[in-house]
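Participant: kindly generate the corresponding structure for this input.
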Amino acid sequence: MVEKTAEIIDGKAFAEKLRRRVADAVDQVQDAHGLTPGLAVVLLGEDPASQVYVRNKGKMTKEVGMASFEHRLPEDTTEEQLLTLVRGLNKNDEVHGILVQLPLPGHIRAERVLDAISPDKDVDGFHVINAGRLATGGADALVPCTPLGCLMLLKDKLGDLAGKRALVLGRSNIVGKPMAALLLRENCTVTIAHSKTEDLPGECRRADILVAAIGRERMVKGDWIKPGAAVIDVGINRIPAPEKGEGKTRLVGDVDFDEAVRVAGAITPVPGGVGPMTIAVLLRNTLVAACRQAGIEAPEI
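Facilitator: The predicted model follows:
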């Protein structure tokens, strides 16, 4: 008998389609209103992973027809210098979205910098005003990119989410809390679990939808998952891969994929699941922000 395995949720393919829809929408607003959305990305220091992210963001921003503004600053840039740059970008009419690449050097308070970004240009969705809008059900919130990407994948795979029992494993401001708010907005019954939750495996086994965003490699085992559940793995953990050669590494998620794929109904892989969605949603958020600032209706994407 052939063992049944979960359907793979292909985030890379979905993100490609989303970027194409964004590009078409950018063409529409340019033709109809002469509006070119602009995204400014600010990077401090020489962190290799951040360098790659920023390079990819700039490349994809241009590919969808938007204007890209990159600001690469030395690691010893002061907090006040960074705040001065952010305030200038707030006033720049060609810039509709501002993203300050995290993590920031230790001498800079990330919270202060993120709060300095205009909520209307906060395409990362981290500003306390956008967090409050999302938490209170406001339709005008700019939503953090990763959880919004997760929601898009879930709705594409499952359709209507109303009434489903969802568990979000992780309570960060970047993924866990906004993910829970988005699922509530879809009329799911939502539980947030974390490292202090009693009987964590049992809580996970009750969920029709399990979103793992706890930052611990392969923590969620196959017997934690309700048979047939949809599993969204947000984790990106780098582990040694001696099979690839000395010193080599590979990426794994917060879910033990090899076990989970035998139990779940649908699951995102790592890599190739949630990761590609983040930049695609960032571009979508920039388009929405640009249209709102111009006082025009954003195309449906």
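Participant: what stretches of the protein score poorly on pLDDT?
Facilitator: For the chain, the stretches with pLDDT under 70 are 1-3.
Participant: and the gap between P48 and V255?
Facilitator: Look at P48 and V255: by CB to CB, to the nearest Å, they are 26 Å apart. Backbone N, C-alpha and C define where each C-beta goes, glycine included.
Participant: and the two? Which one has more around it.
Facilitator: V255 (33 against 7; other CB atoms under 10 Å).
Participant: can you verify my assumption that that one contacts V234?
Facilitator: No: using CB atoms under 8 Å, V255 is not in contact with V234, being 9.4 Å away.
Participant: give me the common contacts of the two.
Facilitator: A212 (CB atoms under 8 Å, 6 or more residues apart in numbering).
Participant: contacting residues around L153?
Facilitator: I9, G11, F14, I232, T268, G273, V274, M277.
Participant: longest helix of the chain?
Facilitator: Longest helix in the chain by number of residues (criterion: DSSP state H): helix 11-33.
Participant: now for it, which elements pack on it?
Facilitator: The helices and strands touching helix 11-33, judged by 3 or more CB pairs under 8 Å, 6 or more residues apart in numbering; DSSP states H and E, are helix 48-63, helix 145-158, helix 275-294.
Participant: pick out the most distant pair among the contacts of L153.
Facilitator: F14 and I232 (12.2 Å; CB to CB).
Participant: please say which of the two ends up with more neighbours.
Facilitator: I232 (29 against 19).
Participant: can you verify the more buried one is assigned to a helix?
Facilitator: No: applying DSSP: H, G, I helix; E, B strand; the rest coil, one finds I232 to be strand, outside a helix.
Participant: I'd say it and C150 touch.
Facilitator: Yes: at 4.9 Å, I232 and C150 qualify as touching, with contact defined as CB under 8 Å.
Participant: between those two, what contacts are shared?
Facilitator: In contact with both I232 and C150: V211, V274, using CB under 8 Å, 6+ apart.
Participant: middle-most residue in the protein, spatially?
Facilitator: T146 (1.2 Å; CA atoms, centre = their mean).
Participant: I232 versus that one, what's the distance?
Facilitator: Counting by CB to CB, the gap from T146 to I232 is 10 Å.
Participant: need the overlap of contacts for these two.
Facilitator: V274.
Participant: rewinding a little: quick one: which of the helices and strands packed on helix 11-33 is nearest N90?
Facilitator: helix 275-294 (11.2 Å).
Participant: residue ranges of the strands in the stretch 151-300 of the chain, please?
Facilitator: Secondary structure of the stretch 151-300 of the chain (DSSP state E, counting those that start in this stretch): strands located at 165-169, 189-193, 209-212, 230-233, 237-240, 249-252, 266-267.
Participant: closest to G159 out of those?
Facilitator: Nearest to G159, of those and by CB to CB, is strand 230-233 at 11.1 Å.
Participant: for the closest one, packing partners?
Facilitator: By 3+ CB pairs under 8 Å, 6+ apart, strand 230-233 packs against helix 145-158, strand 209-212, strand 266-267.
Participant: mind listing residues that contact that strand?
Facilitator: Everything outside strand 230-233 that qualifies as a contact, by CB under 8 Å, 6+ apart, is 6, 9, 150, 153-154, 157-158, 208-212, 220, 225, 253-255, 257, 260, 264-270, 273-274.
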